[in-house]
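*Asks:* The following comprises the amino acid sequence and a computationally predicted model.
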Amino acid sequence: MKQIRIAGRTIGPDTPCFIIAEAGVNHNGRLDLALRLVDEAAAAGADAVKFQTYRTEELILADIEKAPYQQRTTDRREKQEEMLRILEIDEAFHRELIRHCEKKEIMFLSTPYDTASLELLVRLNVPAIKIASTDTTNLLFLEEVAAAGKPVILSTGMSTLEEIDQAVRCLRQGGCRELALLKCTSDYPTRPEEVNLAAMDRLEELFDAVTGFSDHTAGIGASPYAAARGARIIEKHFTLDKQLPGPDHQASLSPEELRELVRRVREVELFLGSRDIGPTAAEKVNRLSLQKHLVAAVSLTPGTELTRSHLKAKRTGGAGVPAGDLYRVLGKRVTAGIEADRPIDWDNLE
């Protein structure tokens, strides 16, 4: 599997999972709430906090109804365009967020949804571009994203394998050299039977890309399992208060849940450890007491040529020849007498 680098941070095999706290539009258009979201993401230990950048008139037609999940969480009579306009943030808002992220030592990311927004993020020198599932099939936009020359994190929700393949080819042919693909199910909340974490494996195999998981399951949900499955990036929505008005608050984590998610993912990484095989530091101590060594099964006189009948394996506290060296010992001659039940030492063999 390949790796990508974002602002000096390597993401790939044998690196900690890159956790993106998705603030999205949960700031409700208010800078004070947005800054507090940054504070909570940093306090939780997330690697990045991500927002959404768009110009409403470039994103949607004026008379489009809200998505079904948005109708459940907001006023059904309000058009999607009206809702989005309230949540739109300008360049000054972005600059304040970036300054605050630098202060809190957490990476700022945002998802652009149109050309002008992409240009703004490039001008603000964001370290990577995150593309939402809504634009996986938007080849016009993906060409522009590729030309920006930034690392790209692409969500793949709602897309067929053929559409994902087309998006990857579009980005790579357009100059994108660092690409990560996120398995995503674009339903809020995602039902467990529609998560399909195993698809990350196939994305990695088919596209030779860093893979991860954009999590829309309820609560902490599938993210720790994704980490165990090998996700190198995890993205999860969070909010300051699930009862705030807005489309995404109810399906987002509370600050406490975000901290617990980060804790669980890091715990999973501890459990996974490394690919190295061999005794751990603790086992190197324990093996002296627990592993067996060779002892004399009967009293042995000098000159005895050792056979299996002369030997037993017992715990000796680390004394003598390890039991695993049996084949090296057989046929050796004893140079001095050894009493029964005493360890066989290399110094007493020839």
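*Replies:* Cool, the structure landed. A quick note: this is a predicted structure, and the numbers were derived from the prediction, not measured.

*Asks:* Low-confidence ranges, the protein, go.
*Replies:* Along the chain, the model assigns pLDDT under 70 to residues 1, 64-79.

*Asks:* where along the chain do the strands fall?
*Replies:* Listed in chain order, the strands of the chain (DSSP state E) span 4-6, 9-11, 18-24, 48-53, 107-112, 129-131, 152-155, 179-184, 210-215, 233-237, 292-296, 311-315.

*Asks:* what angle do the fourth one and strand 107-112 make?
*Replies:* Orientation of strand 48-53 against strand 107-112 (axes from the mean of the first three to the mean of the last three C-alpha atoms, to 10 degrees) gives an angle of 30 degrees.

*Asks:* Run through the neighbouring helices and strands of strand 48-53.
*Replies:* With contacts taken as 3 or more C-beta pairs under 8 Å, 6 or more residues apart in numbering; DSSP states H and E, strand 48-53 sits against strand 18-24, helix 31-44, helix 91-104, strand 107-112, helix 115-123. For glycine as for every other residue, the C-beta is placed from the backbone atoms N, C-alpha and C.

*Asks:* The stretch 201-350 of the chain: helices as residue ranges?
*Replies:* 223-229, 255-272, 281-290, 326-329 (DSSP state H, counting those that start in this stretch).

*Asks:* right, so these: which one is the most enclosed?
*Replies:* helix 223-229 (a mean of 22; mean count of other C-beta atoms under 10 Å).

*Asks:* what about it, distance to the chain center?
*Replies:* Centroid separation between helix 223-229 and its chain, computed with C-alpha atoms, centre = their mean, to the nearest Å, is 7 Å.

*Asks:* Run through who's touching that helix.
*Replies:* 17, 183, 197-198, 200-201, 212-213, 215, 217, 234, 236, 261, 264-265, 267-269, 271-272 (C-beta atoms under 8 Å, 6 or more residues apart in numbering).

*Asks:* still on that earlier bit, looking at the helices and strands packed on strand 48-53, which is buried most?
*Replies:* When the helices and strands packed on strand 48-53 are compared using mean count of other C-beta under 10 Å, strand 18-24 is most buried, at a mean of 26.

*Asks:* Sheet-wise, list the partners of it with their directions.
*Replies:* Paired strands of strand 18-24, with direction, are strand 48-53 (parallel), strand 233-237 (parallel) (DSSP bridges).

*Asks:* okay, now the domains of this protein?
*Replies:* Using automatic domain parsing, the domain parsing of the chain gives 11-272, 281-348.

*Asks:* could these go into CSV alongside distance to I4?
*Replies:* CSV is the format used below for these (distance: least, C-beta to C-beta, whole Å):
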stretch, distance to I4
domain 11-272, 4
domain 281-348, 32
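
*Asks:* ranking the ones you listed by burial, who's on top?
*Replies:* It is domain 11-272: most buried of those by mean count of other C-beta under 10 Å, with a mean of 19.

*Asks:* and the end-to-end length of that domain?
*Replies:* 17 Å (C-alpha to C-alpha, to the nearest Å).

*Asks:* got a list of what the closest residue to V25 other than its chain neighbours touches?
*Replies:* Nearest residue to V25, sequence neighbours excluded (C-beta to C-beta, 6 or more residues apart in numbering): L87, at 4.0 Å. Applying C-beta under 8 Å, 6+ apart to L87 gives the contacts 25, 27-29, 52, 246.

*Asks:* now with 7 Å?
*Replies:* By C-beta atoms under 7 Å, 6 or more residues apart in numbering, the contact set of L87 is 25, 28-29.

*Asks:* R232 reaches E204, doesn't it?
*Replies:* No. Here R232 lies out of contact with E204, judged by C-beta atoms under 7 Å, at a distance of 9.4 Å.

*Asks:* Next, show the common contact partners of those two.
*Replies:* Shared contacts of R232 and E204, counting by C-beta under 7 Å, 6+ apart, come down to T211.

*Asks:* about what we covered before: just the contacts of L87 now: which is nearest L240?
*Replies:* N28 (9.5 Å; C-beta to C-beta).
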